[in-house]
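[1] quick one, fold the following:
(2 chains)
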There are 2 protein chains.
Amino acid sequence: MRISELSERSGIAVATIKYYLREGLLPPGERTSPNQASYGEDHLRRLRLVRALIEVGGLPVATVGEVLAAVDSPDLPLFSLLGVVQDSISAPIPPAADTEWERASATVRAEMDRRGWDMKPSPEAINTLTSVLVRLAQLGYADWGETALPSYFDGARVIAENDVTTALAAGGRDDIIDAVVVLTVLGDTALATIRRIAQAQVSLEMLKNPQQ
Amino acid sequence: MRISELSERSGIAVATIKYYLREGLLPPGERTSPNQASYGEDHLRRLRLVRALIEVGGLPVATVGEVLAAVDSPDLPLFSLLGVVQDSISAPIPPAADTEWERASATVRAEMDRRGWDMKPSPEAINTLTSVLVRLAQLGYADWGETALPSYFDGARVIAENDVTTALAAGGRDDIIDAVVVLTVLGDTALATIRRIAQAQVSLEMLKNPQQ
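    Just a heads-up that it's a prediction; the model follows:
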């Protein structure tokens, strides 16, 4: 197909597609004349992934290039690839080195051990979660890690099983990565909102039946 | 106690406390001399709530004033008060009026009806969730509302029961509202992060045992 059809089918402006081509985010088409090139279904799929990373994941163009290099590296296992993508769409938080941080970090570690979660967690994820526990302790909620964290792990596990099943069913590497980005980022907003609706429902039930 | 002690015990600078006093976010102390006033435990508790709304909830000072007016209004039931706070810490999304929106909105409504969730949901929450479903459909995930939404409701419910129990156990109205703000906002970050960790763990398990 010509670039105009690629634009129509992807919903992305021709000028934007040309920009992605210049930045190397999209491989060049097959040249059919000095001024024209032809594009295939692979280009359409790649465009969809680029758009998901930039528009949905909020990634800068340079980072998109790194993620795409990982997608195209055949010796990187899918699991490691998912980690690269997850980390690229999360803002990192540096660890601190004090007693509060050590205590919170140990709580997170203990919760994962208790469940037998043997994945090697990304330092970014662990640092973000630890920093939340430190902040909660500073605000007077020092026992949140013991009283609330387990139910957060329970709830997140239910949702993650659905997420991963959906993503792995998506098809090839490009499609799986597209699904991971879209479902992770939009899923965060969905989950935060559903949590508020659920809080309202549970409050209503508890305040209606205060003896429970 | 004097303002210097109030500052020490709350960890908030004297200049900031004076600013809150001028803006009416904190009631005046009891005047003990032309240049001095005395503050009590109520001031400390209110300061804690103001800080939670501004620093954790990210609310502008004017909105904090509105939330505090609701907290202090004795005829507003606790449940309605929780709604005021929840809506104040969420950015509203306007509804659209097209077929996609109607379809997504009906899916959300049907999921709540199926569960017998009889709370009157805040339009803000429903609009945000609906907009996520519309965006997912536009990105090629049109059946997410049927295949994934139920597990998000399941997971969110587990977590919300913990949230509400913790918040209602916090004490008086000021303490409950403080807990709602802190646990909702920091809980969002915690949940998003735990979801990523859980996704990694589930991917590892599924890719290890692909026959499942």
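[2] tell me which residues in the helix or strand of chain A with the lowest mean pLDDT are buried?
    Ranking every helix and strand in chain A by mean pLDDT, DSSP states H and E puts helix A:78-88 at the bottom, with a mean of 79. Judged by neighbour count using 16 or more other CB atoms under 10 Å in any protein chain shown, the buried positions of helix A:78-88 are A:81, A:82, A:83, A:84, A:85, A:86, A:88. Backbone N, C-alpha and C define where each C-beta goes, glycine included.
[3] who touches the first one in this structure?
    So the one you mean is residue A:81. Shown in contact with residue A:81 (CB atoms under 8 Å, 6 or more residues apart in numbering or on different chains): A:70, A:71, A:173, A:177.
[4] now rank those by neighbours and give me the top one.
    Per-residue neighbour counts (other CB atoms under 10 Å in any protein chain shown) across the contacts of residue A:81 peak at residue A:177, which has 24 neighbours.
[5] give me the element it is part of.
    Residue A:177 belongs to helix A:173-208 when assigned by DSSP states H and E.
[6] quick check: angle from that helix to helix B:78-88?
    Note on geometry: by axes from the mean of the first three to the mean of the last three CA atoms, to 10 degrees, helix A:173-208 and helix B:78-88 are set 150 degrees apart in direction.
[7] from the contact counts, what lies against helix A:173-208?
    With contacts taken as 3 or more CB pairs under 8 Å, 6 or more residues apart in numbering or on different chains; DSSP states H and E, helix A:173-208 sits against helix A:41-51, helix A:61-72, helix A:78-88, helix A:149-168, helix B:78-88, helix B:123-138, helix B:149-168, helix B:173-208.
[8] kindly reformat the ones you listed as TSV containing distance to residue B:32.
    Below are these laid out as TSV (distance: least, CB to CB, whole Å):
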stretch	distance to residue B:32
helix A:41-51	65
helix A:61-72	59
helix A:78-88	56
helix A:149-168	45
helix B:78-88	33
helix B:123-138	45
helix B:149-168	36
helix B:173-208	24
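[9] out of those, which is closest to residue A:141?
    Evaluated with CB to CB, those place helix B:173-208 nearest to residue A:141, the distance being 6.4 Å.
[10] in that closest one, which residues are buried?
    Buried residues in helix B:173-208, counted by 16+ other CB under 10 Å: B:173-204, B:206.
[11] that helix - what's its average pLDDT?
    What helix B:173-208 shows for mean pLDDT is 87.
[12] now find how far off-centre that helix is within its chain.
    Relative to the chain's own centre, helix B:173-208 is displaced by 13 Å; criterion: CA atoms, centre = their mean, to the nearest Å.
[13] and what of stretch A:2-12?
    Taking CA atoms, centre = their mean, one finds stretch A:2-12 lying 27 Å from the centre of the chain it belongs to.
[14] can I get that stretch in CSV, CA atoms only?
    Extracted C-alpha coordinates of stretch A:2-12, given in CSV (Å, rounded to 0.1, in the frame of the first residue of the first chain):
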residue,chain,number,x,y,z
ARG,A,2,1.1,3.6,-0.4
ILE,A,3,1.8,5.9,2.5
SER,A,4,-1.6,7.6,2.0
GLU,A,5,-3.4,4.3,2.5
LEU,A,6,-1.1,3.5,5.5
SER,A,7,-2.2,6.8,7.0
GLU,A,8,-5.9,6.1,6.4
ARG,A,9,-5.8,2.6,7.8
SER,A,10,-3.8,3.6,10.9
GLY,A,11,-5.5,6.9,11.5
ILE,A,12,-2.0,8.6,11.8
